[in-house]
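Asks: the following block contains a protein sequence and its predicted model.
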Amino acid sequence: MGNGDSRVRGIAARAGGWSARHRWAAVGIWVLFVVLAMGLGSAAGRVDVKDSDQLKGETHTAAKIIEDAGIEEPASETVLVQAKGDGLKATDTEFRQAVEAVVEAVEATGKVADVTSPYDTRTISEDGRSALVQFDITGDSDTAAERVEPVLKAVEGVQKEHESLRIEEIGGASMMKTFDEAFGDDFKKAEYSAVPVALGILLIAFGALVAALLPVLLAITAIMATMGLMGVVSHVMPMSDTANSVMLLVGLAVGVDYCLFYLRREREERAAGRDPQTALRIAAATSGRAIVVSGVTVCVAMAGMLFTGLAEFEAMGLASLMVVAVAMVGSVTVLPALLSLLGERVEKGKIPYLHPESRLRRNRGRGNRESRFWTAVLKGVLARPVVSVAVATGALLAIAAPALGMKTQQLTLDKEFGDSLPIVQTYNRLNEAFPGGSEPAEVVVKADDINAPEVKSALADFREQAISSGASRGPVEIKLHDAQNMAFVYVPLVGGSDLDKAGASLDTLRDEVRPATLGKVDGLDAPITGQVAGSKDFNDQLAGAVVPVFAFVVVFAFGLMLLSFRSLTIALTSIVLNLLSVGAAYGILVGVFQHGWGASLVGAEGVGAIITWLPLFLFVILFGLSMDYHVFVVSRIREARLRGRTTKDAIAHGVVTTAGVVTSAAVIMVAVFAIFGTLSMQSMKQMGVGLAAAVLIDATIIRGVLLPAVMALLGERNWYLPKWLHRLPDLTHDESPEAVAPTARDDEGEPVRV
């Protein structure tokens, strides 16, 4: 194709060209799509993941039995009555009067049922200083937090009358209410603040209000459309609030990034003297192509979550995949249409001292805005590529080293929220007095006849052996549901909030006590559920999903890079560099949250573990997002090589000219993710710190040092493709004709296939 040929090929180039020519139609179609998606989603409503579908294994079996029986377990609450000193005991008159006052006060609210006294249920601690009054909140357990306030006030009233005792309430409803008040608004503010933060950084990057608003508006409309699509899709694959939050994060990150890539290239071409139409066409064929390749790669990575078999992960993966696809399509269609409509007006709202107009004029002779900082860095890297590779790789491996000792577990209440909330202190006191009592194991017993003599005998034996085996110190409570021929057995596990010890107690129940008692009754099902059981089942299922997910993401990402760049070398180095980036992020997480190195800086003291779902989640998200920068930088290097530059010059040109875009995109991602690192919940803090650290490492050490150094060492071997792979589809032809020389030659002057 010669220089005079104005035709361009490729999906991104054709889409951008059509949109620029039919700009009103393109904008109208996008608006119609967003409105239609939101309308359909609103009409369909969102179906959320059921508790019975959250996990496989015994936890799933138990939830399914309860659901099929039509039993709705109420929200249970507990009032801890505890002597503040060593003198008062549960047998003393004052203590008994306090317990009776609690029972009368909560019953008087009319919001509770099945109130039990510790003197009837024997829920008195071994030292006699603590006792538990237990009851249920009436009505739907999902909305119990909205009705628990009068009960909490009644308990507070009893506390004021008995100052020598500690009288505190804890349970599902009271915890939900406390957390909603303490962290619900905090979490929403973090999501809402992400948009103004991104806009502020874009204002600095572009120096013009209209140019800065375009990426934010496109990201927001992509998110709105995806929210509607989630409602429709949820009828096939249920969604969740967590999936919605992850979708917002990912949608904002990639939506802004894709537009940023496109806009900066269009600006750069205009600064080099191109007319607006030509500049837009080149941006469509180059940055547009990079967006498509990156978007497809990110979608493939997100699809890896669908292989976990975990409903929550599947929802997050599908929601993220959809928002990336929508943002990608919007970036290569409606964005060029808007740029064509706006023309020079995209520079409206210039901000003094920030707008780069004067700098662009000064650089017009050079054609590209080049970063002085990265020019200096690249000069050193390319002069000593071996040293650069050794130092950068060594540094990343050292950062990643702590990950070898990673400990993952579901975070208990005290680790998730620290001791800043009074209810967490109550949780700790309850666990100390009644190990495992705050979150007992729950045995769901389903029989043909729950009142049959052999079933009653087995239940009694189970209760006895649960204690004699050392799995529980009691009391073991049994609740019968005669109409459904079911019984719920609540077993406080020895180990309490220590999940390792509580897990061992659970294994004893499942592997020893149950087979010797309930397991001897024919036709009886007795799956064991509860928080500890759910954590164990989740860990087991997640461990089984790691290899398939890793393999799927790595293999398909490799294949996409191979097809997109027609280079075996580029595909291999892409995978290795991304794995190094993910490994470094793991190392930082373990160092900060598990070992406590610098934990005080992010408010993470005493966590001692990484939340179970985070490593796999981070791998999928980071592997996808890091491809944004990688595809963009390598595409620019390849484009320069096609123009006839030597590989070394192409590397320097590609990295330096993309440095501003990559830096701006990385700063936005780091800032948005870091917001979540400021939240009080340790799981959100871990996610924010991990994502922010990984993106920062990826945009600096990986793309600024390691990538150019490795490519400089490989030289022309960067473009190596075995002859037997030449039959692969050619997806590399999206470059604009203005940017491609008739024949690119290698360093010896021979024609080269790129």
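Replies: Cool, got the structure.

Asks: C-alpha only now, for contacts and for neighbours.
Replies: OK.

Asks: the stretch 1-150 of the chain: strands as residue ranges?
Replies: Remark: strands assigned in the stretch 1-150 of the chain by DSSP state E, counting those that start in this stretch are 75-83, 112-116, 130-137.

Asks: select, out of those, the one closest to residue 309.
Replies: strand 75-83 (28.2 Å; Cα to Cα).

Asks: quick check: end-to-end length of stretch 403-412?
Replies: 22 Å (Cα to Cα, to the nearest Å).

Asks: make residue 1 into 367 and carry on from there
Replies: With the count now opening at 367, the last piece we talked about shows up as stretch 769-778.

Asks: for residue 852, phi and psi?
Replies: phi -130, psi 160 (degrees, to the nearest 10).

Asks: state the pLDDT value of the nearest residue to it once chain neighbours are set aside.
Replies: Nearest residue to residue 852, sequence neighbours excluded (Cα to Cα, 6 or more residues apart in numbering): residue 812, at 4.7 Å. Residue 812 carries a pLDDT value of 93.

Asks: low-confidence ranges in the stretch 717-866 of the chain?
Replies: For the stretch 717-866 of the chain, the stretches with pLDDT under 70 are 719-737, 785-786, 803-804, 863.

Asks: if we go to 80?
Replies: Applying pLDDT under 80 to the stretch 717-866 of the chain flags residues 717-738, 740, 776-787, 801-805, 840, 861-866.

Asks: after the lowest-mean-pLDDT helix or strand in the chain, which helix or strand is next? Please name it.
Replies: Taking mean pLDDT, DSSP states H and E as the measure, helix 723-728 is the helix or strand of the chain with the lowest mean score, a mean of 48. Using DSSP states H and E, the helix or strand that directly follows helix 723-728 along the chain is helix 738-749.

Asks: what's that next one in contact with?
Replies: 754, 1014, 1018, 1021, 1022, 1025, 1070, 1071, 1074, 1075, 1078 (Cα atoms under 8 Å, 6 or more residues apart in numbering).

Asks: and stretch 617-626, by the same measure?
Replies: 561, 580-582, 584-586, 588-589, 657, 686, 689-690, 693-694, 697, 701, 991, 994, 1027, 1031, 1034-1035, 1038.

Asks: how far out from the middle of the chain is it?
Replies: 17 Å (Cα atoms, centre = their mean, to the nearest Å).

Asks: low-confidence ranges, the stretch 467-616 of the chain, go.
Replies: 508, 545-560, 571, 573, 607-608, 611.

Asks: what of the stretch 1017-1120 of the chain?
Replies: 1026, 1044-1047, 1094-1120.

Asks: helices along that one, start to end?
Replies: For the stretch 1017-1120 of the chain, helices defined by DSSP state H, counting those that start in this stretch occupy the ranges 1048-1063, 1073-1080.

Asks: what does the stretch 817-966 of the chain give?
Replies: 819-834, 865-874, 880-882, 897-931, 934-955, 965-968.

Asks: what residues sit buried inside the last one?
Replies: In this case it means helix 965-968. 965, 968 (16 or more other Cα atoms under 10 Å).

Asks: again with the shortest one
Replies: Counting neighbours by 16+ other Cα under 10 Å, one finds that the buried residues in helix 880-882 are 880, 882.

Asks: picking up where we left off before, turn the contacts of helix 738-749 into a markdown table, columns for distance to residue 859.
Replies: Converted to a markdown table, those look like this (distance: Cα to Cα, whole Å):
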| residue | distance to residue 859 |
| --- | --- |
| 754 | 54 |
| 1014 | 64 |
| 1018 | 62 |
| 1021 | 57 |
| 1022 | 59 |
| 1025 | 56 |
| 1070 | 52 |
| 1071 | 52 |
| 1074 | 55 |
| 1075 | 55 |
| 1078 | 59 |
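
Asks: what is the nearest of the residues you listed to residue 716?
Replies: Compare each of these with residue 716 using Cα to Cα and the shortest gap goes to residue 1025, at 22.6 Å.

Asks: name the nearest residue to residue 401, ignoring sequence neighbours.
Replies: That would be residue 591: by Cα to Cα, 6+ apart, it lies 7.3 Å from residue 401.

Asks: mind listing what that neighbour touches?
Replies: 399, 400, 401, 403, 404, 692.

Asks: change it to 7 Å
Replies: 400, 403, 404 (Cα atoms under 7 Å, 6 or more residues apart in numbering).

Asks: specify the local secondary structure of it.
Replies: Under DSSP: H, G, I helix; E, B strand; the rest coil, the three-state class of residue 591 is helix.

Asks: what of residue 536?
Replies: Per three-state DSSP, residue 536 ends up strand.

Asks: near it, how many other residues are there?
Replies: Residues near residue 536, counting by other Cα atoms under 10 Å, number 21.

Asks: the one 4 residues further on now?
Replies: With neighbours defined by other Cα under 10 Å, the count for residue 540 comes to 24.

Asks: and for residue 1093?
Replies: Residue 1093 - counted by other Cα under 10 Å - has 7 other residues nearby.

Asks: ok so, going back, what's the closest of the contacts of helix 738-749 to residue 575?
Replies: residue 1025 (22.0 Å).

Asks: the closest one and residue 1035: what is the separation?
Replies: Residue 1025 is 15 Å from residue 1035, by Cα to Cα.

Asks: list the beta-bridge partners for the residue nearest to residue 852.
Replies: Going by DSSP bridges, residue 812 is paired in beta bridges with residue 852, residue 891.

Asks: ok, residue 711 to residue 389 distance?
Replies: For residue 711 relative to residue 389 (Cα to Cα), the value is 15 Å.

Asks: err, residue 718, not the other one
Replies: 31 Å.

Asks: same check, this time on residue 663
Replies: Separation of residue 663 from residue 389 (Cα to Cα) stands at 28 Å.

Asks: sorry, back to before: buried subset of the contacts of residue 591?
Replies: Judged by 16+ other Cα under 10 Å, buried ones among these: 400, 403, 404.

Asks: let's have those in CSV, adding distance to residue 1064 and pLDDT.
Replies: Shown next, in CSV, are the buried ones among the contacts of residue 591 (distance: Cα to Cα, whole Å; pLDDT from 0 to 100):
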residue, distance to residue 1064, pLDDT
400, 33, 95
403, 34, 95
404, 35, 95
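
Asks: looking at those residues, which is nearest residue 630?
Replies: residue 400 (25.4 Å).

Asks: the closest one: what's it in contact with?
Replies: Contacts of residue 400 by Cα under 7 Å, 6+ apart are 587, 590, 591.

Asks: let's have these in CSV, adding distance to residue 499.
Replies: Shown next, in CSV, are those (distance: Cα to Cα, whole Å):
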residue, distance to residue 499
587, 51
590, 47
591, 49
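
Asks: tell me the one of those residues nearest residue 897?
Replies: residue 590 (34.7 Å).

Asks: for the closest one, what are its contacts?
Replies: 400, 404.

Asks: tell me which strands and helices the helix or strand containing residue 645 is in contact with?
Replies: Assigned by DSSP H and E, residue 645 belongs to helix 642-669. On a contact count with 3 or more Cα pairs under 7 Å, 6 or more residues apart in numbering; DSSP states H and E, helix 642-669 meets helix 377-387, helix 607-637, helix 677-708, helix 897-931, helix 980-1008.

Asks: that helix vs helix 897-931, what angle?
Replies: For helix 642-669 against helix 897-931, the angle by axes from the mean of the first three to the mean of the last three Cα atoms, to 10 degrees is 140 degrees.

Asks: quick one: pLDDT of residue 973?
Replies: At residue 973, pLDDT is 80.

Asks: buried subset of the contacts of stretch 617-626?
Replies: 561, 580-582, 584-586, 588-589, 657, 686, 689-690, 693-694, 697, 701, 991, 994, 1027, 1031, 1034-1035, 1038.

Asks: if we can go back for a sec, next one: the residue nearest to residue 852 from residue 849, what distance?
Replies: Distance from residue 812 to residue 849, by Cα to Cα: 11 Å.

Asks: quick one, which of those two is more surrounded?
Replies: Comparing residue 812 with residue 849 by other Cα under 10 Å, the one with more neighbours is residue 812, at 23 against 9.
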